[in-house]
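1. just a sequence and a predicted model for now, questions to come.
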Amino acid sequence: MAPSLHPLVDNGITKGSASFAGGKLHCLCASKPVEVTLGGNVLHNHACGCSKCWKPAGALFSVVAVIPRDQLAVTANGDKLYVVDSSAAIQRNACKECGTHLFGRIEKEHPFKGLDFVHVELSDETGWQEPQFAAFVSSIIEQGFDPKGIAEVRDKFKSVGLETYDALSPPLMDAIATWTAQKAGKLPA
């Protein structure tokens, strides 16, 4: 039996809506949940196998997307948020009570500064952009997944139409390389 990749992937991908206007994310607390409001749809939604992203119980992967920073606002119970690892490039803001990551923000110079990382599964609304690809797939091995099963994981992603990478997708890697070349003066800004 194939392992659970993520609830948004396991039973097939639900297509989002190009006209979706955003919504609210909530932590998993039954009382006084943290609320984050997103003022638009997300970009580059993907399954991520890294060890830092928040994953629902039993899932090997997170599903994470980005949204411009100015389209994210903490709208309730923000006093419950804390930064999980202040030394990480992505400052993941999680609920102190339930541990759910609500958003990740990059504060230092970085190709993705200005974009916040979010988990749209924390929303009751439907229409969010569906996952587009799977990133850092081999990273699940570093977290204890048996390498003998990695082909099955890749096959399961491909069966729902997601390409698998051991980094980010080629367009995102190109964006990082372009930013780096511009910072080094090798390309015009």
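-> In hand now; what should we look at? Numbering: from 1, shown residues only.

2. what about the spatially most central residue of the chain, which helix or strand?
-> Within the chain, the residue whose C-alpha comes closest to the C-alpha centroid is Val64; the distance, by C-alpha atoms, centre = their mean, is 1.5 Å. When elements are defined using DSSP states H and E, Val64 is found to belong to strand 62-68.

3. what strands flank that strand, and is each parallel or antiparallel?
-> According to DSSP bridges, the neighbouring strands of strand 62-68, each with its direction, are strand 43-48 (antiparallel), strand 115-118 (antiparallel).

4. what would these look like in TSV with mean neighbour count, distance to Ile106 and mean pLDDT?
-> Every residue, glycine included, has its C-beta placed from N, CA and C. Rendered in TSV, the data for the strands paired with strand 62-68 read as follows (neighbours: other C-beta atoms under 10 Å; distance: least, C-beta to C-beta, whole Å; pLDDT from 0 to 100):
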stretch	mean neighbour count	distance to Ile106	mean pLDDT
strand 43-48	22	14	96
strand 115-118	24	7	97
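
5. what's the closest of those strands to Asp79?
-> Distance to Asp79, taken as C-beta to C-beta, is lowest for strand 115-118 among the strands paired with strand 62-68, at 18.9 Å.

6. residues in contact with Glu109?
-> The contact partners of Glu109, by C-beta atoms under 8 Å, 6 or more residues apart in numbering, come to Lys183.

7. which element is it on?
-> Per DSSP H and E, there is no helix or strand for Glu109.

8. can you tell me the closest non-neighbouring residue to Gly12?
-> Residue nearest to Gly12 in three dimensions, not counting chain neighbours: Val160, with 5.5 Å by C-beta to C-beta, 6 or more residues apart in numbering.

9. er, Ala76 actually
-> Glu35 (3.6 Å).

10. surely that neighbour meets Thr75?
-> Yes. With contact defined as C-beta atoms under 8 Å, Glu35 counts as touching Thr75 (4.8 Å).

11. point out where this structure drops to low pLDDT.
-> Low-confidence segments of the chain, defined by pLDDT under 70: 1-2.

12. ok, 90 please
-> Counting by pLDDT under 90, the ranges of the chain that qualify are 1-3, 11, 53, 57, 167-178, 180-181, 189.

13. hang on, the earlier thing: okay, the strands paired with strand 62-68 in JSON lines with distance to Trp54 next?
-> Formatted as JSON lines, these follow (distance: least, C-beta to C-beta, whole Å):
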{"stretch": "strand 43-48", "distance to Trp54": "10"}
{"stretch": "strand 115-118", "distance to Trp54": "10"}
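
14. to Ala134, which of those lies closest?
-> For the strands paired with strand 62-68, the distance to Ala134 is smallest for strand 43-48, at 4.2 Å, taking C-beta to C-beta.

15. much appreciated, bye for now.
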